[in-house]
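Visitor: model the following, please.
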Amino acid sequence: MGWPEIGVIVVVGLMVFGPDRLPDMARQAGKFIRTVRQMADNAKNDLGREIGHDLSGMELRDLDPREVVRRSFLDEADTAPAPTTDRSLRVGEVPPYDPEST
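Guide: Here you go, the predicted structure:
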């Protein structure tokens with residue numbers, strides 16, 4: 001979220017709740033977010049304890065399947081051998097044949 005979105009939320013909050021109740025609502029929202037973060041951390045710690053791994057450095061983004069695939073392809077690309085330069089076949093030359101590939 002950027003500053004324009006936060007500004008819109010504040011203006012809507014002022015219109016809906018009024019300037020008197022808005023600080024209390026913001027305080028309640030902060031407590032709610034803090035509670036949700038604590039619940040997520042506790043769940044992550046419980047899961048780590050159950051499977052026997054330390055998950056303290058793990059982010060929620062690490063569980064995204066797209067991120068796992070992206071990371072695994074990038075790791076393989078870094079360790080893959082450099083491609084060989086192919087050349088054109090000469091007239092009458094038989095192309096290479098790999099019986100395991102068919």
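Visitor: pLDDT on the longest helix along the chain, on average?
Guide: Ordering each helix of the chain by length in residues (DSSP state H) puts helix 3-51 first. Across helix 3-51, pLDDT averages out at 87.
Visitor: and that helix, how far out from the chain's middle?
Guide: In this view, helix 3-51 has its centroid 21 Å away from the chain centroid, taken as Cα atoms, centre = their mean, to the nearest Å.
Visitor: repeat for stretch 91-102
Guide: The offset between the C-alpha centroid of stretch 91-102 and the centroid of the whole chain comes to 43 Å, using Cα atoms, centre = their mean.
Visitor: for that stretch, which outside residues touch it?
Guide: Outside of stretch 91-102, the residues within contact range by Cβ atoms under 8 Å, 6 or more residues apart in numbering are L89. Quick note: C-beta positions are derived from backbone N, CA and C, even for glycine.
Visitor: ok, now stretch 62-73?
Guide: By Cβ under 8 Å, 6+ apart, the list of residues contacting stretch 62-73 reads R61.
Visitor: tell me the centre residue of this structure?
Guide: The geometric centre of the chain, computed from its C-alpha atoms, lies nearest to R61 (Cα atoms, centre = their mean), at 2.8 Å.
Visitor: does that residue sit in a helix, a strand or a coil?
Guide: At R61 the chain is in helix, as set by DSSP: H, G, I helix; E, B strand; the rest coil.
Visitor: many thanks, we can stop here.
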